[in-house]
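Participant: Fold the following.
(one chain, ligands or ions: 1)
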Amino acid sequence: MRIFLDSANVDEIREINQLGFLAGVTTNPTLVAREGRDFKTVVHEICELVDGPISAEVISLETEGMVSEARELADIHSNVVIKIPLSENGLRAISILAAEDIKTNATLVFSAAQALLAARSGAAFVSPFIGRVDDTGNDGLQVLEDIVIIFDQYLLDTEIIAASIRHPMHVVEAARMGCHIATVPYKVVKQMIRHPLTDAGITRFLEDWRKAGK
Ligand code: G3P
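Facilitator: Residues are numbered from 1 along each chain as shown. Below is the predicted model of the structure:
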């Protein structure tokens, strides 16, 4: 399973990219707004940093607006993927953009039914929001597993991005079930790296080394 960073913060992206495992980045309007910077400049900077799919989301609600925003964003860099919210207008936009070879990432996906339609409309990626499904008292990982099984069953090319990740076990479970990608917030990447036994082990090794007069 590939690891993307779910962030619009260029400093975070630069730092995590140096660790060597980063395969792409996803942003959303909330993350971009938090930065208080020009959207296209941020997307361009991320594309310069990370060699992989970089998702940038449209904010129009009508198909025409989505398509025209998508064309402008796709012009920024060949790695830009257009995030389109799952709706009738969104599916129409995904289909139009697929015919133009502009890659899309169907976002705000909360069910396997939505994911199947997005894939059949031509989305390159679908993003089930597993944490937000959990927040409603339902099982986000179950939704994700249904999507993995259905896409495998029909050999669909659309890649599944586990999104709205809240903790490292979301990532582990997504990988266990064969999800293609997890887009992980900065804080959760840090939680994935650290383990108290690793820290304790390093301290003990150093103490033993010093005690032996090394
Ligand atoms: O970028 C989409 C998704 O990962 C948002 O996550 O934590 O706002 O539900 P969250």
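Participant: report the longest helix in the chain, please.
Facilitator: helix 196-211 (DSSP state H).
Participant: Is the residue positioned nearest the centre of the chain part of a helix or strand, or is it coil?
Facilitator: The residue lying closest to the centre of the chain (CA atoms, centre = their mean) is Thr183, at 3.2 Å. Assigned with DSSP: H, G, I helix; E, B strand; the rest coil, Thr183 falls in the strand class.
Participant: What ranges does the protein have for its helices?
Facilitator: Counting by DSSP H, the helices of the chain are 10-17, 29-35, 39-49, 63-74, 88-99, 112-121, 130-135, 140-153, 168-176, 186-193, 196-211.
Participant: which residues sit in contact with the residue nearest to Asn9 when sequence neighbours are not counted?
Facilitator: Among residues not flanking Asn9 along the chain, Glu35 sits closest, at 6.1 Å (CB to CB, 6 or more residues apart in numbering). Every C-beta, even on glycine, is put in place using the N, C-alpha and C of the backbone. By CB atoms under 8 Å, 6 or more residues apart in numbering, the contact set of Glu35 is 8-9, 42.
Participant: Quick one: name the residues of the protein near the ligand.
Facilitator: Residues of the chain found near the ligand (CB under 6 Å from any ligand atom) are 6, 26, 28, 129, 131-132, 163-164, 183.
Participant: okay, among these, which ones form the most distant pair?
Facilitator: With CB to CB as the measure, no two of the residues of the chain next to the ligand lie farther apart than Thr26 and Arg132, at 14.4 Å.
Participant: For the two, indicate the residue with more neighbours.
Facilitator: Taking neighbours as other CB atoms under 10 Å, Thr26 and Arg132 compare with Thr26 leading, 28 against 15.
Participant: pLDDT value on that one, please?
Facilitator: For Thr26, the pLDDT comes out at 98.
Participant: With Lys214 instead?
Facilitator: Lys214 is given a pLDDT of 77.
Participant: give me the number of residues near it?
Facilitator: Neighbours of Lys214 using other CB under 10 Å come to 7.
Participant: quick one on the thing from earlier: now the helices of the chain in TSV, please, with extra columns for mean pLDDT.
Facilitator: Shown next, in TSV, are the helices of the chain (pLDDT from 0 to 100):
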stretch	mean pLDDT
helix 10-17	98
helix 29-35	96
helix 39-49	98
helix 63-74	98
helix 88-99	98
helix 112-121	98
helix 130-135	98
helix 140-153	98
helix 168-176	98
helix 186-193	98
helix 196-211	97
